[in-house]
Each structure stands twice: as structure tokens, then as C-alpha cells.
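Asks: coords below, sequence missing:
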């Protein structure tokens with residue numbers, strides 16, 4: 001199967017699972033106002049998917065700029081997907097719990113997540129919490145996460161591909177492919193150095209550009225918006241935060257996606273320890289060597305959705 005066919009297949013699966021559930025206006029929370037381009041790719045794909053629906057987005061923000069609002073019980077709450085369901089990035093889990101307990105009668109959909117726990121007490125704590133909220137639907141983005149959630153949680157569990165497959169590359173400039181090779185070596189706690197991979201000489205080693213260094217244009221964007229935020233602050237913090245939401249959505253998000261595309265386009269061969277470098281490289285038709293992370297989510301995602309693509313090679317530990 002080629003990548004065009006695979007993308008259409010996964011988009012159809014996303015649509016068939018989620019479209020019937022989003023049957024009213026919605027809010028979209030826990031957006032990635034930080035420098036991990038992978039989570040921005042999820043955000044981009046999710047927005048493209050939602051645009052095709054007939055319903056309106058009433059509010060969208062991240063957990064730092066969130067302001068509690070009075071929504072009717074018909075409003076659906078969407079929580080950003082990713083790889084933070086479990087105990088690695090607990091601040092996101094705590095934010096989800098805050099939203100769920102604040103809106104116990106609203107339909108809440110946790111968009112596709114990879115699940116990782118290494119603490120049985122935390123599994124039990126979360127399972128007990130979620131058991132009190134039958135209004136919550138949890139989407140797993142790989143078979144391991146799906147079976148884990150089905151075994152431990154009472155909520156409705158769906159198996160849904162990563163939302164980044166809804167990215168429309170036609171909206172962006174796609175540079176001519178370079179001939180270099182990349183080893184995308186993540187620099188966070190998910191990096192695993194237990195593998196048998198021998199990286200060939202001459203391969204460039206990087207993490208996402210937004211993680212490796214500061215990009216000046218965002219400094220200037222923030223400077224431009226500073227007086228606007230100050231002006232709105234006079235009317236209350238709520239309005240100041242709305243300015244941040246606008247800036248992140250209209251400037252940061254599309255710019256980050258383009259940076260990711262420009263970055264991966266330099267290379268013809270990609271060795272990756274990040275899931276969304278795998279996904280973006282596949283969409284850009286690169287030859288990919290997959291190197292799993294500490295949680296096993298890359299192999300699990302590959303085995304669930306991508307093993308019929310010929311341009312991906314799995315490097316075993």
C-alpha cells in the first residue's frame with residue numbers, strides 16, 4: 001500500500017469513529033502551546049477534521065490559559081490526543097480530570113492517545129476516577145493502548161488512528177526533497193538508548209528544530225502581541241488569554257507545521273525515535289528506520305496501522 005492510500009484509509013477510520021459522536025457544538029482543550037512539533041501536527045490534523053463537521057468550535061485553549069466557562073450540557077468537550085495518558089506527563093492527566101469533574105454531564109471525548117503506566121497504584125487511581133464518569137469516551141491510538149484501557153477502564157473505548165493523518169499538505173509549501181540522512185534523536189525522558197542500531201557515519205543528528213534552539217521570529221511575534229495583551233488585560237485576564245489563544249492558533253500553529261515540513265524535507269532517509277517524525281516522514285514519502293522509545297509507542301503504532309507500508313524498517317532492540 002502506498003502512503004496516499006494509507007492516509008485515506010486512516011482518515012476514513014477516524015471519520016467513521018468520531019463523526020457520529022460529535023453531534024453538537026464543541027470546545028477543544030489541552031492544546032499544545034509548547035515546542036513539541038509532534039503535538040502541533042496532531043492539533044493541525046484535528047482542526048482539519050473538525051472543519052468538515054457542521055458544528056462550531058465555541059472555545060479552544062491549552063491548560064495554562066484555560067478559563068472555566070458555563071457551557072450547556074449539550075456542548076461536547078474534546079481533549080487533545082497524544083502520548084500523555086498515564087504517568088509520564090501527569091500535568092495533562094490532572095487537567096483532564098479537572099475538566100471531567102467540572103463538566104460531569106457533558107459528553108467528553110479524549111482524542112487518540114498512547115497509554116503508558118509503570119505504577120499499578122496510579123492505574124487503579126485513574127480507573128476509579130474514570131469509572132464515575134460514563135460521559136467520557138477514550139480513544140486509543142494503538143492496539144496495546146486499546147486493550148489496556150479495555151481491561152482496566154469501564155468507559156467506552158475506541159481504537160482510532162492518530163489525528164495527524166488529517167494534515168492537508170496541499171496547504172503548505174513542500175520543498176524539494178534533499179538527499180541527506182537524519183537521526184532524529186529525542187532529548188527527553190522517552191529516549192531509549194537500549195537498541196542495536198548502528199547509525200551510519202555522516203548522518204545528521206537532531207531533535208525537532210523548535211526543541212533544539214529558539215527561533216527568532218517567535219520572539220518578534222510575541223513582541224508585536226505584547227501591547228495587545230496588555231490592552232486586553234485592562235479589561236480582565238480572560239481577554240488577555242484570548243489574545244494568546246488567537247496568536248497560537250493563527251501564527252504559531254501553521255508556522256510550526258511548516259517548520260516541521262521544511263525540516264524533514266531536507267532528508268531522504270530518516271532514523272526516528274519520535275512518533276510524529278515517523279508520521280510526517282511517511283506522509284513526505286521518506287525511507288524510515290523506526291527506533292522505539294521507552295514506552296514502546298512507536299512499535300505499537302507501527303504494528304497497528306503502518307506495517308503494510310514498504311518504506312518503513314523497524315530497528316529491533
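Replies: Yep, it's here. Treat the numbers as computed from the prediction; the structure is a model and nothing was measured.

Asks: Contact partners for residue 91?
Replies: Residues near residue 91 by Cβ atoms under 8 Å, 6 or more residues apart in numbering: residue 63. To be clear about C-beta, it is placed using only N, CA and C from the backbone, and glycine gets the same treatment.

Asks: host element of it?
Replies: helix 90-102 (DSSP states H and E).

Asks: Just after that helix, pick out the following helix or strand.
Replies: Taking DSSP H and E as the definition, the helix or strand right after helix 90-102 is strand 108-116.

Asks: Going by contacts, tell me the helices and strands next to that next one.
Replies: strand 76-79, strand 82-86, helix 90-102, strand 136-140, helix 143-152, helix 297-301 (3 or more Cβ pairs under 8 Å, 6 or more residues apart in numbering; DSSP states H and E).

Asks: among those, which is nearest residue 184?
Replies: With Cβ to Cβ as the criterion, residue 184 lies closest to helix 297-301 of these, at 11.1 Å.

Asks: contacting residues around that closest one?
Replies: Residues contacting helix 297-301 (Cβ under 8 Å, 6+ apart): 83, 114, 116, 141-145, 162, 272-275, 278, 290-292, 314.

Asks: ok, now stretch 9-24?
Replies: Applying Cβ under 8 Å, 6+ apart, the contact partners of stretch 9-24 are 1, 49-50, 52-53, 55, 74-76, 78, 107, 109, 111, 137, 139, 158-163, 165-166, 305.

Asks: Derive a ChimeraX selection command for the buried subset of these.
Replies: Entered in ChimeraX, the line below selects the buried ones among the contacts of stretch 9-24, by 16 or more other Cβ atoms under 10 Å:
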select :49,50,75,76,78,107,109,111,137,139,158,159,160,161,162,163,165,166,305
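
Asks: where exactly do the helices run in the stretch 151-300 of the chain?
Replies: Ranges of helices within the stretch 151-300 of the chain are 209-212, 216-234, 237-247, 253-265, 275-283, 297-301, based on DSSP state H, counting those that start in this stretch.

Asks: Check those helices for me and report the most buried one.
Replies: helix 275-283 (a mean of 25; mean count of other Cβ atoms under 10 Å).

Asks: Looking at that one now, give me its mean pLDDT.
Replies: Regarding helix 275-283, the rounded mean pLDDT is 98.

Asks: Lowest-scoring secondary structure element of the protein by mean pLDDT?
Replies: Counting by mean pLDDT, DSSP states H and E, the chain has its least confident helix or strand at helix 216-234, which shows a mean of 66.

Asks: Next, find the distance separating the residue nearest to residue 270 when sequence neighbours are not counted from residue 44.
Replies: In this structure, residue 270 finds its nearest non-sequential neighbour in residue 281, 4.5 Å apart by Cβ to Cβ, 6 or more residues apart in numbering. Distance of residue 281 to residue 44, given as Cβ to Cβ, to the nearest Å: 16 Å.
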